[in-house]
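*Asks:* This is the structure alone, sequence omitted:
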């Protein structure tokens with residue numbers, strides 16, 4: 001059984017929507033999409049799963065506090081404060097907080113409205 005099949009469901013995660021911008025009036029061809037900024041907090045032992053992709057929902061993440069472990073392609077990578085990563089159409093991953101303090105990230109992505 002692969003590691004991806006053993007990914008736990010989401011637990012210990014809170015998501016706060018900070019702001020959005022309707023991209024239709026801003027960029028030709030972007031009708032029905034918005035730029036979204038969220039603050040995601042993963043408590044110690046928390047999981048942002050299950051494994052998911054970012055097809056049609058590209059974005060970037062920046063860590064403000066704590067350490068988030070990003071699991072993709074069978075590799076676990078730890079990211080601490082001041083570091084981030086892209087989430088593009090090739091991203092297939094899940095996240096967890098293996099630490100002892102809440103991990104806080106800012107996530108910015110483009111999503112379909114509605």
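*Replies:* All right, it came through fine. Just so it is clear, the model here is predicted, and its values are computed rather than measured.

*Asks:* Which strand runs longest in this protein?
*Replies:* In the chain, with assignment by DSSP state E, the single longest strand is strand 33-53.

*Asks:* Contacts for the strand or helix carrying residue 110, please.
*Replies:* If you go by DSSP states H and E, residue 110 is part of strand 103-112. Strand 103-112 is contacted by residues 18, 23, 32-42, 46, 54, 56-68, 84, 87, 97 when judged by CB atoms under 8 Å, 6 or more residues apart in numbering. Where C-beta positions appear, they are placed from N, C-alpha and C, glycine not excepted.

*Asks:* And residue 9, how close does it get to residue 58?
*Replies:* Distance from residue 9 to residue 58, counting by CB to CB, to the nearest Å: 24 Å.

*Asks:* Tell me which of those two has more neighbours.
*Replies:* Neighbour totals were compared for residue 9 and residue 58, and residue 58 leads with 15 against 8 (other CB atoms under 10 Å).

*Asks:* OK, contacts around the more buried one?
*Replies:* Neighbours of residue 58 in contact, by CB under 8 Å, 6+ apart: 86, 87, 88, 89, 109, 110.

*Asks:* Hmm, residue 61 and the second one touching each other?
*Replies:* Yes. Assessed by CB atoms under 8 Å, residue 87 is found in contact with residue 61 at 6.5 Å.

*Asks:* on that earlier part again, can I get the buried part of the contacts of strand 103-112 as one PyMOL selection?
*Replies:* In PyMOL, a selection of the buried entries from those looks like this (16 or more other CB atoms under 10 Å):
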select buried, resi 23+33+34+35+36+38+40+41+42+46+54+57+59+61+63+66+67+68+84+87+97
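
*Asks:* and stretch 75-92, which residues are buried?
*Replies:* Quick answer for stretch 75-92 (16+ other CB under 10 Å): 79, 84, 85, 87, 91.

*Asks:* and the end-to-end length of it?
*Replies:* Length of stretch 75-92, first residue to last, CA to CA, to the nearest Å: 11 Å.

*Asks:* Kindly report the same for stretch 18-37.
*Replies:* Terminal residues of stretch 18-37 lie 5 Å apart, using CA to CA.
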